[in-house]
Structure formats: structure tokens, C-alpha cells
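S.K.: no FASTA, just this:
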């Protein structure tokens, strides 16, 4: 098992909390597997003006997402594999309908523990939940119209997943590799990583494709980007040159280019969006501090 106690990836708007979006921290047994449960607190009436585009940045996570239409008594959804670029999504739901969302956000390297098939070729995809998680879908989908609050839904899903982690599907080499990447904050080359694990780079890439869906190098870069994103938001005197050295970027241009490639905007714009409609920094310290 990956003993992650210090890595907590952030979204593009990590301080956003309202009736349409809230997060619930998983129980202790699931913290190394599940980043959070998220969705609407209660069913809400969908308004036409609420169909706005929301940016999704690479957060090194994979999500099972359900959209519930309580007016039509229907449940739809999908599995979103780990992404290596930003994209925009629009909230689902017909205007005037009572709708809700419920999702499970797994760390990209832990979702395999609950899957029924390989995660190969799942990067940047949105697929049917039942393709790899039929046992979860079969248990959760029928309950979503019955359970109204996100707390009830999260509690039910938590019980379901907790039973699975007693004997999870894992690989020791992959676990060790991810631990090394996290400890080094993404600033560890694949060659050095393979040497640390006494395996070839080719074998390591094959295992990562199977268990995570992306290469070790790509995961390292995404984790480095997420550590950088936390520093940008949290450090009042954030210094780009210090970060170049801290995270092993070639130079300032390399850092800025990679951040924009993953975030689809520059650092100033990204930070402005994150803090939009948010009060003083000290008022939100608990949300962004390491969990």
C-alpha cells in the first residue's frame, strides 16, 4: 500500500464550496486510496444560467462520476481516467429538473485496487463505469435515487470500498515507484527510479501502463506540477526561481511553459481564478493545508 500522508492534489478552484459542489474526506482506511467523495450536498433545481463551463486541471486522480436526475428518476455517469491536460466541462442537467452529482475521486495509482480490468489506455478518456467497475456500479447506481444527501451517498460508498481494501489488487513495484516519486516531489528521472527499484525502465513503463494508465515520466511531471500549484497558492512570497531549483526544472522558461501546458493559462490567471470570491488567505488555510 502507498502510505501517502503528505500529497493532496488540488483542483483549479480548490476553495470552491457551495450547494453544487462539496467534498467529503474518506475514512482512515481509504485515505491512501480515495482523495475525496464529491458532488452536490442535496438535489438542486437546475437553472438554465447555471450551465457554465468549468475547467478541470490534471490532478493525478481518476473519478467515477454519477449524474442523478431526480425528476426523471434516471442515473447516468462514467469513469474519467487520469488526465495530462486541462479541459472544460459543462454541468449536466435539464433546466427545471431536480438534479444531483455524486463522485468518487481516486488517486490515479490506487484506482486499480478496485478495478476489474487493466487501466491501460484509460488516460484522457471517459468510459462506461461498468467496463472496469461493474461491481461498484451494480451496488451504487440503484442507491443514488434513494440516498439524497452527499453524506449518505459517501457513507454507503465508503462501506463498499472499505471491504475491498482488505485484500486490494496491487503491485509492490508500482507502489514503491509511486512512493519514490511522491517523496521526490516528481523531480526523479525514470532511469534513477528504475535503478532504485532494480527493474528496467521498459518494465517499469509496462507496469505503469497496466496499473495507472500513464508512464512514470508523465506521472512524475504531473505530481511536480501539483506540488508547484500548491506552492503558488500557499506561499505568499512564491518565487519562480526558487521553484526551478526546488523541483528540478531546467530554467524559468521551462517551469512557466510546463505550468501553462498543464493548466491552460499562466500562473497569474490561474491564481486569480483560484482565489475568485474567496476571502482572506488565513480564512481558508485549513482547506489548502496538507491533510
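M.R.: Received the coordinates, thanks. Predicted model only: the values in this text are computed from it and were never measured.
S.K.: where does the most far-flung residue of the chain relative to its centre land on pLDDT?
M.R.: Distance to the chain centre peaks in the chain at residue 96, reaching 30.1 Å (criterion: Cα atoms, centre = their mean). Model confidence at residue 96, given as pLDDT, is 83.
S.K.: ok but it is inside a helix, no?
M.R.: No - counting by DSSP: H, G, I helix; E, B strand; the rest coil, residue 96 is not part of a helix but coil.
S.K.: that one and residue 69 touch, don't they?
M.R.: No - counting by Cβ atoms under 8 Å, residue 96 stays clear of residue 69, with 10.9 Å between them. C-betas here are computed from N, CA, C, even on glycine.
S.K.: how near is the residue farthest from the centre of the chain to residue 140?
M.R.: According to Cβ to Cβ, to the nearest Å, residue 96 and residue 140 sit 26 Å apart.
S.K.: residue 128 too?
M.R.: Residue 128 sits 14 Å away from residue 140, going by Cβ to Cβ.
S.K.: which of these two has more residues huddled nearby?
M.R.: For residue 128 versus residue 140, the count of surrounding residues by other Cβ atoms under 10 Å is larger for residue 140: 23 against 12.
S.K.: so for the more buried one, what's the nearest residue that isn't a sequence neighbour?
M.R.: Leaving aside its sequence neighbours, residue 140 sits nearest to residue 157 (Cβ to Cβ, 6 or more residues apart in numbering; 6.0 Å).
S.K.: quick one: contacts for that neighbour?
M.R.: Contacts for residue 157 (Cβ atoms under 8 Å, 6 or more residues apart in numbering) come out as 37, 102, 104, 136, 140.
S.K.: can you check residue 130 too?
M.R.: Neighbours of residue 130 in contact, by Cβ under 8 Å, 6+ apart: 137-138.
S.K.: now residue 57
M.R.: Neighbouring residues of residue 57 by Cβ under 8 Å, 6+ apart: 11-12, 86, 229, 262-264.
S.K.: how much space between the residue nearest in space to the middle of the chain and residue 255?
M.R.: Centroid-nearest residue in the chain, with Cα atoms, centre = their mean: residue 61, separated by 2.8 Å. When distance is defined by Cβ to Cβ, residue 61 is 23 Å away from residue 255.
S.K.: now do residue 108
M.R.: Using Cβ to Cβ, we find residue 108 at a distance of 23 Å from residue 255.
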